[in-house]
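Q: Prediction below, plus the sequence it came from.
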There are 4 protein chains.
Amino acid sequence: MEIRDVIHGSVRIERWELPVIDSRFFQRLRQIKQLGFAEHSFPSATHNRYIHSLGTLHTAGLAFESIFGGHGGPLRTDASQIDRKIRLESLAPQAFERLRAVVRLAALLHDIGHGPLSHTTEFAMPDVAKLEVPGKAALKRQATHEDYTLKIILDSSLTPKLEAAGKIWGFTPQHIASLIDPEIQIDDDFFQETLHGETIDFQPILKQLISSELDADRMDYLRRDSLHAGVSYGQFDFEWLVSNLTSSISEGKAYLTLEHRALYSFEDFLISRFHMFLMVYFHYKSIVFDSMLGEYMRSPDCEYQLPSDIESYCDFNDAHLSAHLAQSSNEWARRITDKRPYRMLMELHSGIPATRTSAIEQKALLKETLADLKRQEIHTLTATSTSELSKYFRKPGAPIFVRYDNHYSAESRIPLEQCTDLFNRYSEKRSITRVYVSPENYPRCRFQGRTAPLKYEDIQHDSDGPLFDHGGD
Amino acid sequence: MEIRDVIHGSVRIERWELPVIDSRFFQRLRQIKQLGFAEHSFPSATHNRYIHSLGTLHTAGLAFESIFGGHGGPLRTDASQIDRKIRLESLAPQAFERLRAVVRLAALLHDIGHGPLSHTTEFAMPDVAKLEVPGKAALKRQATHEDYTLKIILDSSLTPKLEAAGKIWGFTPQHIASLIDPEIQIDDDFFQETLHGETIDFQPILKQLISSELDADRMDYLRRDSLHAGVSYGQFDFEWLVSNLTSSISEGKAYLTLEHRALYSFEDFLISRFHMFLMVYFHYKSIVFDSMLGEYMRSPDCEYQLPSDIESYCDFNDAHLSAHLAQSSNEWARRITDKRPYRMLMELHSGIPATRTSAIEQKALLKETLADLKRQEIHTLTATSTSELSKYFRKPGAPIFVRYDNHYSAESRIPLEQCTDLFNRYSEKRSITRVYVSPENYPRCRFQGRTAPLKYEDIQHDSDGPLFDHGGD
Amino acid sequence: MEIRDVIHGSVRIERWELPVIDSRFFQRLRQIKQLGFAEHSFPSATHNRYIHSLGTLHTAGLAFESIFGGHGGPLRTDASQIDRKIRLESLAPQAFERLRAVVRLAALLHDIGHGPLSHTTEFAMPDVAKLEVPGKAALKRQATHEDYTLKIILDSSLTPKLEAAGKIWGFTPQHIASLIDPEIQIDDDFFQETLHGETIDFQPILKQLISSELDADRMDYLRRDSLHAGVSYGQFDFEWLVSNLTSSISEGKAYLTLEHRALYSFEDFLISRFHMFLMVYFHYKSIVFDSMLGEYMRSPDCEYQLPSDIESYCDFNDAHLSAHLAQSSNEWARRITDKRPYRMLMELHSGIPATRTSAIEQKALLKETLADLKRQEIHTLTATSTSELSKYFRKPGAPIFVRYDNHYSAESRIPLEQCTDLFNRYSEKRSITRVYVSPENYPRCRFQGRTAPLKYEDIQHDSDGPLFDHGGD
Amino acid sequence: MEIRDVIHGSVRIERWELPVIDSRFFQRLRQIKQLGFAEHSFPSATHNRYIHSLGTLHTAGLAFESIFGGHGGPLRTDASQIDRKIRLESLAPQAFERLRAVVRLAALLHDIGHGPLSHTTEFAMPDVAKLEVPGKAALKRQATHEDYTLKIILDSSLTPKLEAAGKIWGFTPQHIASLIDPEIQIDDDFFQETLHGETIDFQPILKQLISSELDADRMDYLRRDSLHAGVSYGQFDFEWLVSNLTSSISEGKAYLTLEHRALYSFEDFLISRFHMFLMVYFHYKSIVFDSMLGEYMRSPDCEYQLPSDIESYCDFNDAHLSAHLAQSSNEWARRITDKRPYRMLMELHSGIPATRTSAIEQKALLKETLADLKRQEIHTLTATSTSELSKYFRKPGAPIFVRYDNHYSAESRIPLEQCTDLFNRYSEKRSITRVYVSPENYPRCRFQGRTAPLKYEDIQHDSDGPLFDHGGD
């Protein structure tokens, strides 16, 4: 079966994937918007996690086929490529098929436990113990959407459907979950295959296709969110990036690897995400709605609770949350429902201006403004949104390699972060701090601060480190 | 009249611009490819400087209208914007029309003197004295394409057509030229207008629309070259960037200014250009053809000479150069004509890997390889291509401002380079060095160097500055 | 203010339009999907009537500006165009502004009364008398979404906001409504303007921009639905079409007019719509969901009723309908909620094959199949979807003209339908008839009919008229 | 190897295809513009036959893989499809590979003999006998570009390269040529394969991929020309059309077949081509340049001759023709070179208005106007451009089938022209007749005819056949 998609054109679905897609849990994603409140600023951005999840399955499949595909026979192969690519498709067709099947399902389900609207609803999640996630019974903390994802895969009415699909290829829901959650261990040899006498574990690279600096999730959502928002920031050279993926074997394990000729494409891709945060995901209107939802979730009279009964979770979608808010008399719920958000009074961007003292001045201005407003008994919402280039860099984890071939010396396999100084160049986070007041108060405080512009005369660039202290974020 | 364009849709041409476009000098640009030899790597990239020049006229017009347009009356204006925008269109409609007319023509003609194919043909240009460019008679150096541009505008069969167009609005070819060449001075008050008792000189901002970090030239060619090459690097948020342009007055002069809400769009735009260089303009095939053309131009038997008679220059286009090369027996001319380029033997990217010692190792490898090949009497072409983020930053010049408004304090007008640390982050240039050998020699040296891979084991990130020495570039 | 849109890029909103857009009635459109159930087949198609309505406002504005804009002064005008265009913008700027304002608001509100999901919910509308639409009190029939539209414009909490906007320009909600509903009469001279001594009534052309063969509604939704569905059928040459709109005066009234050089663009546009129906709007999955919703609406136990209290109508959106269906025990409501639709058993396309006898054979096959299934006590849903090229042609109404200029003889203004034979060529409707059965019954009847293929051997093309009788549709 | 293309993204080239692409004959196509003079009206349309030919190879490959690909094993196949598709890729992998190889090469070379610029240069071709095309020695007529194509494939320096490529797969240049030219016969069994005991001849379907109503040539050029021209007419649902291609066996021969669910996509595709002719290919400026080139070619002093020596033909490209024209003193050559084309005085579209008498009136007007101008000794160029929906319909040839499956009765395979009445609906050709005069004469005759507008009052639609007589075209 094929599904038409605005990003990928045609998304082909395999026979055994259909029952999973038709399940109540997956269909629930139709009712969860990908960008939550962002449609207030970008009204075309009404796409949901359903189509994003299908797009992620498709992207993971394309990436997998790019890495391991190819017949490798004498007729259709460029001889110079023989030594550098693991052509599973011809070397071990069964392994190719079964690994492709499991990684596509993991990609499809990576978001299955997502709460309504945005991460803010995680405030309403129960204790993880109550959720009875296999292997997590003893934990003492609030559940997260990742816990819901595991529960749905491993222990819900979806589980038998996954078992049925896995039976064809020899895997279980546990195998799928192990590609999504780092704590799930697999003891059997499903992910292993012996090639030319060497046994290789393919689990690491499959995990990387699900979550890493170059994962299928991100490759799908950037282009999708960008198109729907009507902006260009999220566009990158998708086809080139995917077609230049390959694998490296290190100590018997396979890792995601990028041909060096796509290294600048990768940098462009990283920066795409960075700019999408600053220009779309952190739009001041989305942020204030999210803040107000948070206020509601933390209100004493909040009655919104996500269920620990996993089957009931199917009913908790965006429309259900909206209906809940609509019948509440809580102030924040009312403001959200009636679309009467707090208005932005002040907006400070870290590093503007890029003076020695701007961080200090900004902090002082913020502090003074908030004190002023407090004195006048004007209630404020303050939100700081921080974007960083990479959430994986500097964290321990499986390496992504670059295959660097200067065509003359022998090739090298170099860890990605040692091939680009982009991570260093962007090591500073960029943050936007906003102060909002109610629309009722807005007119009387709007122009209060208008007399004192920021100074920028004595700007100097020094080498002794960043000036802006993000500590408070 | 309207011209259909793949980038801008419809490009409207004014009545007085038509004779300029129909002139022999402008029509000559149809025969000069925008990307020269790049069509060897990107065969869809056959677009010419003719359509790019029309696109630049259109972009300059859009930018101008965004900056100075708007009726500003009580009915259609957002009151909060009244104080921050100079609405020439309603304040001084005649000034609006005449400045729009002159900046569009300057944009149209910014490339009119370009030599065939690429900058490499500048080797074949005569002494500037022979060209008899008004005001440059005394110079002692080889002419450049900028000299040809001035000559064509100020002293050719095109000049009367420009005079005719300018007559309608009160400008001369000299005024057009002054927006393109910083050395052309204007003594009259054509660029000045008195608003609210203050006389403002608009020449600086018009010059910036023609050449600056945010000029119309670049805003057109990035999107155009990107589309034709079939890549995404050159895409940026054109509409947002243009609609957030405004002006600042400093000491009686108007300068280009960006609303701060488009600051990240500007960063994206800068990086777009950076990546276009690395992925498209520096493609190894374009580079080798350009190198071979350079070899020919410097050969003792080269007979290609660009004429000092400006009217004859109309006949010197890409086809004429190809015809010239085709009848030559010079080895390099033959290789270009027969499409038998030197082949790439080795390619070194600065900063890959990003080790302390990689620059030193790369230099050593390059030196050793070249010595090796020389010993074997194998002729080489070596080319280094260097990309930098900005060619204007750190150079003295008219400032671009950012209008920063935190909505609470009074607005600031901050110089652009003090609003983004991108220039610092990308202060290092990125370079690619390649060694090419003839296809006849290629088979016997191809695998010679294959035994010694680059080391990357001892990689450390230090804080004491860049390690890669670009001195040799 | 500007809104980012995936189709138009930036949509500029005027100051007086904002309160209308922020109203509860307009915000309700956020919760009504443009394509209803189509997201089951085209999961990217989640866009709503909110953004479509904004897009229609924008398109109506562009069309209006193309028709009446232009300064017409000696400097910027092509002399040959002077005689054929009514340049209201320079001749009567106030008229230009006020007519532009009213037509944009009418475009914005053309869909404001739309019921949840699709036209099927009109079954749940009250008697029109109960709705108390001004001027329609005496009617005896069920209300339609057009009645709701009028009620909301003329007599709801939105009305004062429209009055406030209209006050600036001299119009009332009645004027807006008169552009949407042909029965609303206007007695004053708001739509009239005297030019060169002749009084011209501009109401007809404004009405045509709201609904006609070339209206802003259609020009927006075709491109939008096409993009979101991931298909190309709805793409047409929007820019060319809009820029070739002008006006004709006939008996003191202004009518929509197309330059003949865009006539083939118009044909392409008409066919775009025709193909969107066949390929997207009539997708078999959308159709069956719509049929099931109809079954529910007509069930005796259906409790869904749209309110006659217009303020309550704000709460009736897609989510509210879904919630209603979810709590019902009606079979059809359950099938919709649980996504267990009837499955397609048979599909017949009129005119395939195009034999003399295919219509007769298809009818016989349909009759026989339904009888067969009835005999087996298998319940069926049968749906026929019929597409016609034009819904305006052959109906009396204001003419659209083509300005035909052979450049030599004097120009002609010819009614559109006399300028293209497309209406005749496509005079036959195209219809698709489908039979659906429950998924429970599907397996046992699926292959029953497989033995008797349609014959197509004796195909003859005759000139004596269409063979397929659409009477039963 | 991969080539970046603006239409297809990445075009993969096989190892054995590279020497063909690198040959002088194929590289010559770089210098032949796809749309000839159209760049005068659409300046972005500078793309050449080189990239179009690569795109055709790619499209033919995609279509072939869609038709015959698929592993068909138990794991990845939808059971219901087993009976209706010939999965050569799994049934006979060698046949799949060899047929794919030959059809791609035929697609690559379908235009290899094209003359410079446009078909107009065929006037300058020698007698076919002189060209010594194998098998055509005895013919007595002027050569066409098809003759050059055959000569280049069968008897030139390219032939050994084709033999080398064919050797891998068992075919000869003769086999390639047989897919392009209907007169080339193949006696061996290269195109045959025995499946399930039945021997099937695949040559017919491969020929159809090269030239038919649904060929790869057209599927490539429509989208490409449309994009470069900056219009939307040529866009169609490429992916859907290609993915719904399959094959039918009739009397031991395989024919191109379309799934009926893509029938309306096919109609859209046909109409795309029709509109591209009317809006792009017949642009009045392209037409007049072509007419002037024709005048030159027929002038007694024309010295342009295409060579019968096939190797010399490599030098005859657009630039060579331009250079030839530039040195000529012939009036038409001068006008082309100096871009001083005749100007359009009158333009008549058949069927506008669609009256009974419009054809007669138009003829009379044309006759009278030409007589008038002749009397005044004003020279004219008259050109009639005629577009028809289909050039294959009503001609004998291999059938294209539609696989029509109403899901209930047994499937049918119906000839395409019996599945759509589009051919009948568009049976009338559409033509545009233009009269041009020299720019010198234009001012004095421009307004001569302005007094007598065409009548359109008595319009009636009759059923007794088309009124416009195209006989004169």
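A: Arrived safely. Everything numeric in this text was worked out from a predicted model, so none of it was measured.

Q: mind listing what the residue most central in space within chain A touches?
A: Nearest to the mean C-alpha position of chain A, counting by C-alpha atoms, centre = their mean, stands residue A:218 at 5.9 Å. Residues near residue A:218 by C-beta atoms under 8 Å, 6 or more residues apart in numbering or on different chains: residue A:273. (C-beta placed from N, C-alpha, C; glycine too.)

Q: Look up the pLDDT of the residue of the stretch 251-400 of chain A found nearest chain C for me, please.
A: Closest to chain C within the stretch 251-400 of chain A is residue A:319: 3.8 Å, counting by C-beta to the nearest C-beta. pLDDT recorded at residue A:319 is 91.

Q: swap in the one 5 residues further on?
A: Looking at residue A:324, its pLDDT reads 94.

Q: right, and it touches residue A:305 too?
A: No. Using C-beta atoms under 8 Å, residue A:324 is not in contact with residue A:305, being 9.9 Å away.

Q: Compare neighbour counts for the two and give me the winner.
A: Higher neighbour count among residue A:324 and residue A:305: residue A:324, with 19 against 11, using other C-beta atoms under 10 Å in any protein chain shown.

Q: And the more buried one, how close does it get to residue B:147?
A: Plainly put, residue A:324 is 73 Å away from residue B:147 if you go by C-beta to C-beta, to the nearest Å.

Q: The residue nearest to the centre of chain A belongs to a helix, doesn't it?
A: Yes. Read with DSSP: H, G, I helix; E, B strand; the rest coil, residue A:218 is one of the residues of a helix.

Q: what separates it from residue A:425, distance-wise?
A: Distance, residue A:218 to residue A:425, by C-beta to C-beta: 20 Å.

Q: Check which helix or strand the spatially closest residue to residue A:69 that is not a sequence neighbour maps to.
A: With sequence-adjacent residues excluded and distances taken as C-beta to C-beta, 6 or more residues apart in numbering or on different chains, residue A:69 is closest to residue A:89, at 4.7 Å. Using DSSP states H and E, residue A:89 falls within helix A:88-91.

Q: Around chain C, which positions in the stretch 301-450 of chain A sit nearby?
A: For the stretch 301-450 of chain A, the residues in contact with chain C (C-beta under 8 Å from any C-beta of the partner chain) are A:315, A:319, A:322, A:323, A:326, A:338, A:339.

Q: Just give the closest residue to the fifth one, not the sequence neighbours.
A: Among residues not flanking residue A:326 along the chain, residue A:337 sits closest, at 4.9 Å (C-beta to C-beta, 6+ apart).

Q: can you tell me which residues contact that neighbour?
A: Residues in contact with residue A:337, defined by C-beta under 8 Å, 6+ apart, are A:322, A:325, A:326, A:328.

Q: do residue A:369 as well
A: Each residue near residue A:369 by C-beta under 8 Å, 6+ apart is listed here: A:345, A:346, A:435, A:449, B:408.

Q: Could you list the buried residues of the helix or strand hosting it?
A: Residue A:369 belongs to helix A:358-375 when assigned by DSSP H and E. When burial is assessed from 16 or more other C-beta atoms under 10 Å in any protein chain shown, helix A:358-375 yields the following buried residues: A:358, A:359, A:361, A:362, A:365, A:366, A:369, A:373.

Q: Report the beta-bridge partner residues of the closest residue to the fourth one other than its chain neighbours.
A: Nearest-residue entry for residue A:362: residue A:348, 4.9 Å, with adjacent residues in sequence omitted and distances by C-beta to C-beta, 6+ apart. For residue A:348, the beta-bridge partners under DSSP bridges are residue A:433.

Q: hang on, residue A:254 in a helix?
A: No. Counting by three-state DSSP, residue A:254 falls outside a helix, being strand.

Q: That one reaches residue A:200, doesn't it?
A: Yes. Under the criterion of C-beta under 8 Å, residue A:254 makes contact with residue A:200 at 5.6 Å.

Q: What segments of the stretch 251-400 of chain A are strands?
A: A:253-259, A:343-349, A:380-387 (DSSP state E, counting those that start in this stretch).

Q: so can I have JSON lines of the ones you listed showing mean neighbour count?
A: Below are the strands of the stretch 251-400 of chain A laid out as JSON lines (neighbours: other C-beta atoms under 10 Å in any protein chain shown):
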{"stretch": "strand A:253-259", "mean neighbour count": "23"}
{"stretch": "strand A:343-349", "mean neighbour count": "21"}
{"stretch": "strand A:380-387", "mean neighbour count": "17"}
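
Q: Using JSON lines, lay out those together with distance to residue A:110 and mean pLDDT.
A: Putting the strands of the stretch 251-400 of chain A into JSON lines (distance: least, C-beta to C-beta, whole Å; pLDDT from 0 to 100) gives the following:
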{"stretch": "strand A:253-259", "distance to residue A:110": "16", "mean pLDDT": "95"}
{"stretch": "strand A:343-349", "distance to residue A:110": "32", "mean pLDDT": "92"}
{"stretch": "strand A:380-387", "distance to residue A:110": "22", "mean pLDDT": "93"}
